[in-house]
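In: Sequence and predicted structure below; questions after.
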Amino acid sequence: MEAKEGQRLIVVSNRLPITISKDAKGEYHFKMSSGGLVSALSGCKKSMSFIWIGWTGLYIPPKDRALVDKRLMEEYSCQAVYLDDDLADRHYNGFSNSILWPLFHYHPGEMNFDEANWLAYRQANLKFAESIRSLVRSGDMVWVQDYHLMLLPMLLRGLVDGPGKDGSVTQKELAKIKEGIVEATPEVENEALNDVKIGFFLHTPFPRAPTMPNGIEFEGRYSQVGTFPIGIDPDQFVNNLAKPSVKERVAALEQRFKGVKIIVGVDRLDYIKGVVLVQLAVPSRQDVEEYQNLRSTVNELVGRINGRFGTVEFMPIHFMHKSLAFDELCALYAVSDVCLVTSTRDGMNLVSYEYIACQQERQGAMILSEFAGAAQSLNGSIVVNPWDSQQVADAIHEAVTMSPETRAENQKKLFKYVTKYSSAYWGTSFVREMSRLRPSQHPAVPPESGGQSADREGEALEHGAVPT
């Protein structure tokens, strides 16, 4: 695949993939962050390079920004967007996660609207647009990620002249906006549908919108729509399990839990996750009141269950409200007999993919909520309705009593899918489709391809460039 000279890919997300901290001496430290998007796009770097733009995650004084900018670009190919603390809080916690997140995950009762937060959402999107304008040049392709930045394509189009500037990938639940639930924020609806390319993790119809075979026509503008299920970099997990230190940790955990079936759940502490049995809960959005209340509820529930069913020698639930080191996480996946994902709504859920990547030896069972996007892809899982407690209980019994032959057959199918439809495949598939479009044109109806539906390997992009 040949590349156009000088053409670049720019990825934009709310947060940079880098965690920045400042010590008591005033020195800045940088390390790679965790999370599904970081994992997926890090996998994309195997086949294509790009510049990543995002918020720094903390306030950095103007006098320090030149140093931070230099290190981010030279060491990580990143560019920072600077927001003050109040703007960042209102944009992220106040509107994105108090309005859009519960809305898109069918939790309208958790929504708390504040006009100031909506204005902050618009202002933050404008800050991103201005930051991109300082970097973008003719022919560049901009790939906008997720619901935090749904106004960005429109704002960027107004600031930057010339074609070929924008594409956007959002979660599947954009359809809920089309149903008019966010009546106070119609701009989000209108501008999301003015993107040139909209990619979804799942296939979901658009209600109340004039649809064409592969897209949507809105106010005289055509937006092409495709399904592009996100993936992981499975080699990262497989290779990590081969490290001597990880093998030692696996052996230690196997000895610690000898004779016990281990059911692992790895979730952000979030009301959409429908936690039934929890092994590891990653802290999430701790400044939002609903998440603080959820933590108290889970702590109380874990204590009640352990108090009723535990003994001096045995504790049924080991609850850790923290992020684990990658080595520890891989070891925990590897020794577990069952992975339990009971999300009441989930865009994709990559925990299931990570568990499968670590199960080549033990060949454990995967229990997966029908409301997680991965349920549409992971044939070989036990799919359950998380609202049906009896069905979940039956699934757990089925998983822990499953024959070795059935587990091996299921793992073979699951591992084949996870390795084929990796994060690199996801990224190259989307970029390839997006590169075919130009905002000034009415895109031709594409072939029946796009993401998972095309049974073809993702072609590697030329390093540092966008395909023709």
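Out: Perfect, I can see it now.
In: Go through stretch 45-58 and flag the buried ones.
Out: Buried residues in stretch 45-58, defined by neighbour count with 16 or more other C-beta atoms under 10 Å: 45, 47, 48, 50, 51, 52, 53, 54, 55, 56, 57. From N, CA and C alone the C-beta is placed, and that goes for glycine too.
In: Now the fifth one: phi and psi?
Out: When quoted as degrees, to the nearest 10, the phi and psi of residue 51 stand at phi -100, psi 130.
In: May I ask you to confirm that it is in contact with residue 13?
Out: No: using C-beta atoms under 8 Å, residue 51 makes no contact with residue 13, being 12.0 Å away.
In: Just list whatever residues bridge to residue 18.
Out: Legend: beta-bridge partners of residue 18 under DSSP bridges are residue 32.
In: That one reaches residue 38, doesn't it?
Out: No: in this structure residue 18 lies outside contact range of residue 38 using C-beta under 8 Å: 9.1 Å.
In: what sits in contact with each of the two?
Out: residue 32 (C-beta atoms under 8 Å, 6 or more residues apart in numbering).
In: Which one of those two is surrounded by more residues?
Out: residue 18 (21 against 18; other C-beta atoms under 10 Å).
In: Quick check, pLDDT for that one.
Out: You'll see residue 18 listed with a pLDDT of 92.
In: Strands of the stretch 351-468 of the chain, start to end?
Out: 365-369, 382-384 (DSSP state E, counting those that start in this stretch).
In: Could you dump those strands into CSV with mean pLDDT added?
Out: Listed next are these as CSV, based on pLDDT from 0 to 100:
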stretch, mean pLDDT
strand 365-369, 96
strand 382-384, 97
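In: what residues are up against the closest residue to residue 60 other than its chain neighbours?
Out: In this structure, residue 60 finds its nearest non-sequential neighbour in residue 68, 5.7 Å apart by C-beta to C-beta, 6 or more residues apart in numbering. For residue 68, the contacting residues are 20, 28, 56, 60, 80, by C-beta under 8 Å, 6+ apart.
In: Would you point out the most distant pair within those residues?
Out: 28 and 80 (11.4 Å; C-beta to C-beta).
In: Please say which of those two ends up with more neighbours.
Out: Per other C-beta under 10 Å, whichever of residue 28 and residue 80 has more neighbours is residue 80, with 21 against 16.
In: could I get whichever strand or helix holds that one in CSV with only the CA atoms?
Out: Per DSSP states H and E: residue 80 is located in strand 78-81. Provided in CSV are the C-alpha atoms of strand 78-81 (Å, rounded to 0.1, in the frame of the first residue of the first chain):
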residue,chain,number,x,y,z
CYS,A,78,2.0,13.5,21.4
GLN,A,79,0.7,17.0,21.6
ALA,A,80,-1.0,18.4,24.7
VAL,A,81,-4.2,20.3,25.0
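In: Quick check: which ranges of the stretch 101-250 of the chain have low pLDDT?
Out: Within the stretch 101-250 of the chain, the ranges that satisfy pLDDT under 70 run 105-106, 161-214, 218-222.
In: Can you give me the buried ones in stretch 113-126?
Out: 117, 118, 120, 121, 122, 124, 125, 126.
In: Please apply the same query to stretch 9-23.
Out: Buried, per 16+ other C-beta under 10 Å, within stretch 9-23: 9, 10, 11, 12, 13, 14, 15, 16, 17, 18, 19, 20.
In: can you check stretch 59-70 too?
Out: 60, 68.
In: Endpoint to endpoint, it covers what distance?
Out: Stretch 59-70 has an end-to-end distance of 17 Å (C-alpha to C-alpha, to the nearest Å).
In: average pLDDT for that stretch?
Out: Mean predicted lDDT for stretch 59-70 stands at 96.
In: Quick one: the strands in the stretch 1-150 of the chain, in order.
Out: Along the stretch 1-150 of the chain, counting by DSSP E, counting those that start in this stretch, strands occupy 9-15, 18-22, 28-32, 51-55, 78-81, 141-145.
In: Can I get the ones you listed in CSV including distance to residue 430?
Out: Converted to CSV, the strands of the stretch 1-150 of the chain look like this (distance: least, C-beta to C-beta, whole Å):
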stretch, distance to residue 430
strand 9-15, 10
strand 18-22, 23
strand 28-32, 22
strand 51-55, 15
strand 78-81, 20
strand 141-145, 7
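In: Quick one: closest of those strands to residue 405.
Out: Closest among the strands of the stretch 1-150 of the chain, using C-beta to C-beta: strand 28-32, at 39.5 Å.
In: Can you tell me which of the contacts of residue 68 lies closest to residue 155?
Out: residue 80 (18.1 Å).
In: And the closest one, how close does it get to residue 70?
Out: 11 Å (C-beta to C-beta, to the nearest Å).
In: Got the domain ranges for the protein?
Out: Residue ranges for the domains of the chain, per automatic domain parsing: 9-230+423-453, 234-420.
In: thinking again about what came up before, now render the buried residues of stretch 113-126 as TSV, adding distance to residue 134.
Out: Formatted as TSV, the buried residues of stretch 113-126 follow (distance: C-beta to C-beta, whole Å):
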residue	distance to residue 134
117	26
118	26
120	22
121	21
122	20
124	16
125	16
126	13
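In: Put together a markdown table for the strands of the stretch 351-468 of the chain, with distance to residue 256 and mean neighbour count on each row.
Out: Listed next are these as a markdown table, based on distance: least, C-beta to C-beta, whole Å; neighbours: other C-beta atoms under 10 Å:
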| stretch | distance to residue 256 | mean neighbour count |
| --- | --- | --- |
| strand 365-369 | 21 | 26 |
| strand 382-384 | 26 | 21 |
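In: got the ones you listed as a markdown table, with distance to residue 337 columns?
Out: Shown next, in a markdown table, are the strands of the stretch 351-468 of the chain (distance: least, C-beta to C-beta, whole Å):
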| stretch | distance to residue 337 |
| --- | --- |
| strand 365-369 | 7 |
| strand 382-384 | 13 |
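In: Among those, which comes closest to residue 434?
Out: So among the strands of the stretch 351-468 of the chain, strand 365-369 is nearest, using C-beta to C-beta, at 29.5 Å.
In: That closest one pairs with which strands, parallel or anti?
Out: For strand 365-369, pairing defined by DSSP bridges yields strand 338-341 (parallel), strand 382-384 (parallel).
In: Many thanks, we can stop here.
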